[in-house]
Every structure is written in structure tokens, then in C-alpha cells.
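Colleague: kindly generate the corresponding structure for this input.
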Amino acid sequence: MFKRRIIDALKIATGIKDINLDVTEREEFGDYSSNIAMQLFSKSQVSNSKLQRKYQSPRELAEEIVKKLKNSKNLVEIVDHIEVAGPGFINFWISKKFLLAELEGLADKGGEYGKSDLLKGKRIMFEFGQPNTHKLPHIGHLFSYIYGSACANILEFAGAKLFRANYQGDVGLHVAKCLWAFQKENPTITEPLEDKVKLLQEMYQKGSHAYDESDEVKKEINELNKKLYESDGTVQPFWQETRNWSLEYYSKFEKRLGIKYDRSYFESEVYKDGMRLVEENVGRIFEKSEGAVIFRGSRYNLHDRVFLTNYGTPTYEAKDMYLQTLKYKQWPFDLLVITTAH
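Modeller: The predicted model follows:
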């Protein structure tokens, strides 16, 4: 609200519609600052604005603009002080009296304070969180949960229709590493749920270490990963059981954070269609290379990316090919926002 009123006053004082107003980085420069005088001076637009005479410097022009601003009744109500700084910046200090009055209004309006219809009619899907199964979340996931939820709430408060989505990796190499270690270690599984989830993390770490240290183990885990994607009956039941441990744990974790979703998407539900889209476009968008299917991004100053491995399994990129299509089919949106846990 403060920013809008200052911008409106600057438009009237200069006759310019495109006004830049920034929050200052240092307290001694006030609360807001504009470089409009320097913009006008450098573009030689002064003679075309409502300021009808030439000036020797941007600072001189800024001082003339400040004189006009100080006559603005609408601005005087909210600003304590306006001054010119440096080569021609115009700095504004918001009135403490006005700020206190706003705080009183905030208390009166409670949860409705700041609500607007700025984004009314907009449909926004916001994806955040995205923890993988078969291992514990890290600090990046916590950031994504909190940041994503806060952003979604702000957009909704501004009038948008929000769809909160989660996308979790419940198949893939990380799962194969975890289940391979279970097969080799055959650890004792105990209650409660937290012990089971910690065990998943322990097995994942052991599988990851073994994968990096031995070519033979790498081959075994890659073969197990292929079986998971093929829904092989020898591995499917235990995959489902351990997957449920993770999902139950995350449900409790999200409840504790106050996080709610309209829909959770999973890699296991999109990889088949993602693979199909890639395979259908080999020779057009994708190409085969050393047994894998890749996108030759280097032709466009991008990275070359593998979409299907030489084991015939999909990467994250292949799954994403269909994920976004599925999202739009189920809930058509004007804007899709995706945060990540990195």
C-alpha cells in the first residue's frame, strides 16, 4: 500500500507512467528509493514530461520533483521525510505514526488484513515438498515445505485459486539401492514407524556406498532397478510395504508442519507414459547413444541429458515429460510453479 501511493505521487509529479521504486538496503537511505530523476535525465525526456524546463544534472531534477511531492496531500499522510541523495536518488521515510495506525488496523482486521483480489480468476498450481520415499528428508525438503506453503498461502490470499501439489520419487535408483541392501543385510525390522524409516535410510546409505565402490554391485542394483520398473513380482510386495512406511511417516511429518496438499503425484504413476513420449520422439527430439536415449542439448548451448538409460529405465527427465501433462489434464492452470528441495 505504501509503495503504491508513493508510485502514484511520482507519476503525478513527473508525468511518467513507468516508475521504479525499490526497498532500500540501508536504514540511512529511508524505506523506499527511486532513481526516476536519473532515468529521465539520461533519456532526455524532461522536455516531454510535465517538468517543462531543462536541468543541469539529475540531482537538480530530483530536487524539483521532491518540491512537487511535498505538495502532495496523499503522500504527506504517509511519509515523514523525502530527500535527494547522491547523484539523484529520491529517498522516502514512511511515517511512524502512519505505521502504528496500520498496526492497529491489522489487529482489528485479524486474518483478513492484506487480503486482495489482485489475482482473482487466476488458477495456480504450486508444487512443493517433494521428499523421496525409502530415505529420510533433508533440510532442503524442510525449506521447500515451508517456503512452498507460505508462497501458496500468499497467492491464495491475493485472490488466486490454488492447487497444492506434491511430487515424490517412489521408484528409481535410490529405491533399488535401499532394497538391494535389505536383501544383502536382511536386518531385523522393528516397530515403531520411526525405527522402520531410520532403517530405510541406513539401508539406502549402505546401498549407495556399495554402488559407488563395486562394478559388480552396480550391475546388481541396476538390474534390481529394472525389475522395479517392470513391476516384477519378486520385488513388488516388499517395495509396496517399504513405500508405505515412508508415506505414513511423511504424512505425520506434514501434519506436524501444518502442510496440506490437494494431490500427491508419484514417479511410479508417470514413468510409463513418460517413457512412451520419449520413445515416440526418437529421431525427432531424442536420439540413441551408447544404448541410451538422450536429448542432445549441446546443439542448443544446453547440457546433453539422458532420458532413458542403457538398462531401459527412465530418468527424472523422462518422468517429467508426462508429469506436467497429467497435472494440466487433471487441473487446468494458468500458472505452474515448482519449487525444489536443493
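Colleague: which parts of the stretch 51-200 of the chain are strands?
Modeller: For the stretch 51-200 of the chain, the strands defined by DSSP state E, counting those that start in this stretch cover 79-85, 89-94, 123-127, 161-168.
Colleague: which ones are touching Val171?
Modeller: Leu228, Tyr229, Trp239, Phe266, Glu267, Ser268, Tyr271 (CB atoms under 8 Å, 6 or more residues apart in numbering). Where you see a C-beta, it was placed from the backbone N, CA and C, and this is true even at glycine.
Colleague: mind listing the helices for the protein?
Modeller: 2-14, 36-42, 58-69, 73-76, 96-109, 139-157, 173-185, 193-213, 215-229, 236-257, 267-280, 316-330 (DSSP state H).
Colleague: which helices and strands sit right next to the third one?
Modeller: Applying 3 or more CB pairs under 8 Å, 6 or more residues apart in numbering; DSSP states H and E, one finds that helix 58-69 makes contact with helix 2-14, helix 36-42, strand 79-85, strand 89-94.
Colleague: could I get these as CSV with mean neighbour count and mean pLDDT?
Modeller: Below are the helices and strands packed on helix 58-69 laid out as CSV (neighbours: other CB atoms under 10 Å; pLDDT from 0 to 100):
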stretch, mean neighbour count, mean pLDDT
helix 2-14, 18, 89
helix 36-42, 21, 85
strand 79-85, 17, 93
strand 89-94, 21, 95
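Colleague: of the ones you listed, which is nearest Val175?
Modeller: Closest of the helices and strands packed on helix 58-69 to Val175 is helix 2-14, at 48.3 Å (criterion: CB to CB).
Colleague: domain assignment for this protein?
Modeller: Following automatic domain parsing, the chain resolves into domains at 2-98, 168-338.
Colleague: and the nearest residue to Lys196 once chain neighbours are set aside, how many neighbours?
Modeller: With CB to CB, 6 or more residues apart in numbering as the measure, Trp245 is the residue that lies nearest to Lys196, at 4.6 Å, once sequence neighbours are left out. Counted with other CB atoms under 10 Å, the neighbours of Trp245 add up to 19.
Colleague: over to the one 4 residues further on?
Modeller: Neighbourhood size, Tyr249 [other CB under 10 Å]: 20.
Colleague: could you measure the residue nearest to it when sequence neighbours are not counted against Asn132, distance?
Modeller: Spatial nearest neighbour of Tyr249, chain neighbours left out: Val197 (4.6 Å); criterion: CB to CB, 6+ apart. Distance of Val197 to Asn132, given as CB to CB, to the nearest Å: 12 Å.
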